[in-house]
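K.L.:
could you work out the structure for the sequence below:
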Amino acid sequence: MRIGSRREDDFEINVISLIDVLLTLLMFFVLSTTFIEHSRMQVNLPKAGAEAHDATAQALTVVIDRDGHYSVGSDEVLGEGIGPLKTSIERVAGTDRERLVVIRADALTAHQNVVRAMDALGQLGFTHLSIATTPTEAAADK
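P.N.:
Numbering: from 1, shown residues only. Take a look at the predicted model:
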């Protein structure tokens, strides 16, 4: 009989500290990850020198003048706020939410008016949006 000798069966690994480290890493990744869907509305910003596409001929057009008055297609929106704008868009567009929507805003209109139109379109489920521009003089000369 040997006193003070170890047997091969007594080998142990203490995994409690490893579990603590793994839980700490897991909590870090869970807390630092964002699960927010940033936007469902796709915005295609046109280039000022690009030529018009054939798809814009069948697009729904929302026009905003310098005073913040809206027109959807050829119909003027009567009333203030987002409610009458949504009603007018629904009436003109029908059920087609995959249709391209072109926003034609005056250069001097307030940014809030454009954002209100984009918000109304997003609430109604439109996903294809384009903002119309006019070509610059340098692009028009080419």
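K.L.:
which of the three states applies to residue 121?
P.N.:
Three-state call for residue 121 (DSSP: H, G, I helix; E, B strand; the rest coil): helix.
K.L.:
and it, what is it in contact with?
P.N.:
Residue 121 makes contact with 41, 62, 89, 101, 129, according to Cβ atoms under 8 Å, 6 or more residues apart in numbering. Glycine gets a C-beta too; all of them are placed from N, C-alpha and C.
K.L.:
roughly how far apart are the second one and residue 95?
P.N.:
By that I understand residue 62. 18 Å (Cβ to Cβ, to the nearest Å).
K.L.:
do residue 59 as well
P.N.:
With Cβ to Cβ as the criterion, residue 59 and residue 95 are 16 Å apart.
K.L.:
so for these two, which residue has more residues nearby?
P.N.:
A count of neighbours by other Cβ atoms under 10 Å puts residue 59 above the other of residue 59 and residue 95, at 17 against 7.
K.L.:
for that one, which non-adjacent residue is spatially closest?
P.N.:
Computed as Cβ to Cβ, 6 or more residues apart in numbering, the closest residue to residue 59 that is not its neighbour in sequence is residue 100, at 4.1 Å.
K.L.:
for the one you found, phi and psi?
P.N.:
phi -70, psi 140 (degrees, to the nearest 10).
K.L.:
per-residue pLDDT, it?
P.N.:
At residue 100, the model reports a pLDDT of 90.
K.L.:
swap in the one 3 residues further on?
P.N.:
For residue 103, the pLDDT comes out at 91.
K.L.:
ok, now residue 109?
P.N.:
With respect to pLDDT, residue 109 scores 83.
K.L.:
so can I have a markdown table of the contacts of residue 121 showing neighbour count, secondary structure and distance to residue 78?
P.N.:
As requested, those are exported to a markdown table (neighbours: other Cβ atoms under 10 Å; DSSP: H, G, I helix; E, B strand; the rest coil; distance: Cβ to Cβ, whole Å):
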| residue | neighbour count | secondary structure | distance to residue 78 |
| --- | --- | --- | --- |
| 41 | 15 | coil | 25 |
| 62 | 27 | strand | 15 |
| 89 | 23 | helix | 13 |
| 101 | 23 | strand | 20 |
| 129 | 21 | strand | 23 |
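K.L.:
quick check: which of the residues you listed has the minimum pLDDT.
P.N.:
Lowest in pLDDT among those is residue 41, which has 46.
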